[in-house]
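Undergrad: Quick one: sequence and predicted model below, then my questions.
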Amino acid sequence: MAVTLKNILKQRYLKEDLECYAQKLYLRGTWDLRKDELAEKIANQLLLTNVMMQRLGVLTNQQITLFERAIDTAFRPSKTELRIAQQLDELDYAIITKEGLLVVADDVKVVYKRISTRAFHEKRKKIAWLRKCLYFCENFHAIAPVDIIHKAYRRKPQYKISKKEFLILFNQIPDDLKHSVVFSDEIFYIPFTQKGMWQKLQKLQADVVEYYIPPHRMVEYFWKHGNLANEQVYQRINIFFQTNGDVSDDKAESITCEIWKYMHFDGELGKIMEQTEIKNIQLENKLAAQQLKHLLREAKRHTRTLSRKGFTELELEGAKQL
């Protein structure tokens, strides 16, 4: 029996959810439709060549590789592939079934084979890299001049595009798949467009003039992991927990990443013991406790934060001395 996108939408969503879905796609005349009719209208829209090109045109190489594997045959993503599969699942062109299989509807496969050209994939790579740069900006700047993100974009070899092309690519990302907007030559992370948030951010970042522009490998790492716990001081913290905390390697890594996020949001050192998983770690002796406190103080000085526009405390101190 053929698997259709319409049937997938019917099974996955309540009627109210489909109504919201239709609004996100800017579909009109849907207010009086039955659930079956709504699902069909949305599916027909998603299956339009230009719509699928736009929505799948944001996928990274890893995401598109997994998607194409599912087109060939449904499969169960590995533990390392699961996060990428979940990202695909959010688009509905590929879904994770109750059995844990990544599946692509038959009518989606037909349209994808038509759009999967060399030109499509060249453009997709450019947009995917842009989304990674935006993700970094949203977490370390929140609001920044377009020129700053454009400079970060151009730091990756073979992506030396003009500002005009940069903005064209930005506008080609579907509105419901991007979390930033351009206004007055600045890129705003949408949560900071709400009343009062912009003023709070200005106050938070008041002492920092410049914006940190990351190397492309840092952007790639942050996109993949959602943290920068690969920095040297955090690797030492990871090793510390493995040798002093009587925890597994996976648990040590998890705690290290949690500490990074705590520091990234300017968490107070005095409260880190009670507000993170550290509180559940039994250290061997007072010397180990002192070593951990030293590592945490060092980590705080080396962590990139939103309040410093992506810089570390140490970098800003160095800049003041110049």
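TA: Looks like it came in fine.
Undergrad: Residue 39 against residue 6, yeah?
TA: Yes. Shown here, residue 39 and residue 6 form a contact pair, counting by C-beta atoms under 8 Å, at 5.0 Å. Yep, even glycine has a C-beta here, placed from its N, CA and C like the rest.
Undergrad: Looking at the two, which one has more neighbours?
TA: For residue 39 versus residue 6, neighbours defined as other C-beta atoms under 10 Å are more numerous around residue 39 (25 against 20).
Undergrad: Please compute how far the top helix by length along the chain lies from its chain's middle.
TA: Ranked by residue count, the top helix of the chain under DSSP state H comes out as helix 118-140. How far helix 118-140 lies from its chain's middle: 11 Å, per C-alpha atoms, centre = their mean, to the nearest Å.
Undergrad: Next secondary structure after the worst-scoring helix or strand of the chain on mean pLDDT?
TA: When the helices and strands of the chain are scored by mean pLDDT, DSSP states H and E, helix 272-275 comes last with a mean of 80. Note on helix 272-275: by DSSP states H and E, the next helix or strand toward the C-terminus is helix 286-302.
Undergrad: which stretches of the stretch 1-150 of the chain aren't confidently modelled?
TA: Applying pLDDT under 70 to the stretch 1-150 of the chain flags residues 1.
Undergrad: Helices along that one, start to end?
TA: In the stretch 1-150 of the chain, the helices defined using DSSP state H, counting those that start in this stretch lie at 5-12, 15-24, 35-46, 49-56, 61-72, 82-89, 106-115, 118-140, 146-154.
Undergrad: re earlier: quick one: contacts of the least confident helix or strand of the chain?
TA: Residues from elsewhere that reach helix 272-275 (C-beta atoms under 8 Å, 6 or more residues apart in numbering): 259, 262, 267, 278, 279, 296.
Undergrad: Identify whichever of the helices of the stretch 1-150 of the chain lies nearest to residue 243.
TA: Across the helices of the stretch 1-150 of the chain, residue 243 has its closest neighbour in helix 82-89 (28.4 Å, C-beta to C-beta).
Undergrad: ok, now how distant is residue 12 from residue 6?
TA: Counting by C-beta to C-beta, to the nearest Å, the gap from residue 12 to residue 6 is 11 Å.
Undergrad: can you check residue 215 too?
TA: 45 Å.
Undergrad: Could you do residue 151 as well?
TA: Using C-beta to C-beta, we find residue 151 at a distance of 44 Å from residue 6.
Undergrad: what does residue 108 give?
TA: Counting by C-beta to C-beta - residue 108 and residue 6 are separated by 11 Å.
Undergrad: mind listing the strands for the stretch 151-300 of the chain?
TA: Using DSSP state E, counting those that start in this stretch, the strands found in the stretch 151-300 of the chain span residues 180-183, 186-189.
Undergrad: I'd like those as JSON lines, with mean pLDDT, distance to residue 173 and mean neighbour count appended.
TA: Formatted as JSON lines, the strands of the stretch 151-300 of the chain follow (pLDDT from 0 to 100; distance: least, C-beta to C-beta, whole Å; neighbours: other C-beta atoms under 10 Å):
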{"stretch": "strand 180-183", "mean pLDDT": "95", "distance to residue 173": "9", "mean neighbour count": "15"}
{"stretch": "strand 186-189", "mean pLDDT": "96", "distance to residue 173": "12", "mean neighbour count": "21"}
